[in-house]
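J.: predicted model and sequence follow; I will ask about them next.
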Amino acid sequence: MKTLQKFGGFAALYMAVAHLIGIVIFLVVLDYLSITDPAEKVALTVNNQMIVFSTNLLMYVFFGFALIVLSLALYGDLKFGAPALMQVATAVGITWAGSLIASGMVANAGLAAIAPLYPQNPAQAAVTWQGIETVANGLGNANGEILGGLWALLVSLAALRTGELSKGLNTLGLGVGAVGIISIIPGLTDSLIGVFGLGQILWLIWLGIVLLRSRQSVSRQPLNLAVESKGLS
């Protein structure tokens with residue numbers, strides 16, 4: 001169980017780093033979201049094929065697998081004090097993970113399909129990519145982070161009920177979760193997804209550190225007890 005908690009801590013830190021790298025690449029390096037013309041968008045995607053492919057793996061596929069590990073680690077820690085909440089939270093977390101993995105796989109499969117098509121027929125490649133991107137964005141929660149928000153909210157509620165983790169961390173998780181759920185409302189999606197993303201990065205870093213520190217403190221406890229017993233004898 002403690003090994004799973006340790007892996008959960010590393011998974012949380014990986015998720016934070018992957019999300020941050022993805023934001024930097026798509027928003028700063030490629031400036032992808034500012035491009036609205038389909039022809040320019042598909043040209044940018046094809047010309048930076050390896051960067052987009054690798055980022056999709058990092059930010060969606062591997063992120064999804066790390067999310068499964070973290071969800072199971074948190075379930076192991078919190079299930080005794082809040083079993084029903086953690087059952088639902090874990091189900092939502094794994095559902096979100098599957099959705100993200102599917103999003104990255106669909107995007108990369110689509111990229112492999114349009115790359116050879118683009119030099120021959122750029123217009124057809126642009127139309128094809130529009131359809132692929134719509135599906136990938138839907139699976140990736142680009143229209144609202146309801147799955148990620150609900151997962152963070154439920155985990156934080158369970159942690160508050162059990163007294164696990166810190167109150168500040170749980171409060172941050174509640175806020176991040178609420179923003180994610182509200183982001184599904186049309187008109188608020190674009191602005192709140194960014195807030196959710198930055199808040200989630202902070203929450204994951206804090207959560208990862210807490211899980212790893214808890215693992216270290218527990219691993220030292222048997223040695224401390226052994227030393228105390230020897231001293232008493």
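T.: Sure, I can see it. Numbering: from 1, shown residues only.
J.: in what helix or strand does Ser99 lie?
T.: helix 83-117 (DSSP states H and E).
J.: quick one: buried residues of that helix?
T.: 85-86, 89-90, 92-94, 96-97, 99-108, 110-111, 114-115, 117 (16 or more other Cβ atoms under 10 Å). All C-beta atoms are positioned from the backbone trio N, CA, C, and that covers glycine.
J.: same thing with stretch 5-25?
T.: Neighbour count says stretch 5-25 has 5-20, 22, 25 buried, by 16+ other Cβ under 10 Å.
J.: identify the residues contacting it?
T.: 51, 55, 58-59, 62-63, 66-67, 69-70, 72-74, 76-77, 197, 200-202, 204-205, 207-212, 214-215 (Cβ atoms under 8 Å, 6 or more residues apart in numbering).
J.: and those residues, which of them are buried?
T.: Among the contacts of stretch 5-25, those buried by neighbour count (16+ other Cβ under 10 Å) are 55, 58-59, 62-63, 66-67, 69-70, 72-74, 76-77, 197, 200-201, 204-205, 207-208, 210-212, 214-215.
J.: return the subset of those lying in helices.
T.: 55, 62-63, 66-67, 69-70, 72-74, 76-77, 197, 200-201, 204-205, 207-208, 210-212, 214-215 (DSSP state H).
J.: okay, now the unreliable bits of this structure?
T.: 1, 215-233 (pLDDT under 70).
J.: what residues does stretch 44-54 touch?
T.: Contacts of stretch 44-54 (Cβ under 8 Å, 6+ apart): 25, 29-30, 32, 35, 107-108, 111, 114-115, 118, 125, 129.
J.: residues of stretch 175-187 that come out buried?
T.: Buried-residue list, stretch 175-187, by 16+ other Cβ under 10 Å: 175-184.
J.: mind putting those residues in a markdown table, distance to Gly144 included?
T.: What follows is the buried residues of stretch 175-187, written out as a markdown table (distance: Cβ to Cβ, whole Å):
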| residue | distance to Gly144 |
| --- | --- |
| Gly175 | 17 |
| Val176 | 14 |
| Gly177 | 13 |
| Ala178 | 13 |
| Val179 | 11 |
| Gly180 | 8 |
| Ile181 | 8 |
| Ile182 | 8 |
| Ser183 | 5 |
| Ile184 | 3 |
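J.: near the residue nearest to Ala107 when sequence neighbours are not counted, how many residues? Count them for me, please.
T.: Ranked by Cβ to Cβ, 6 or more residues apart in numbering and with sequence neighbours excluded, the top spatial neighbour of Ala107 is Ala136, at 4.1 Å. A count of nearby residues for Ala136, using other Cβ atoms under 10 Å, gives 23.
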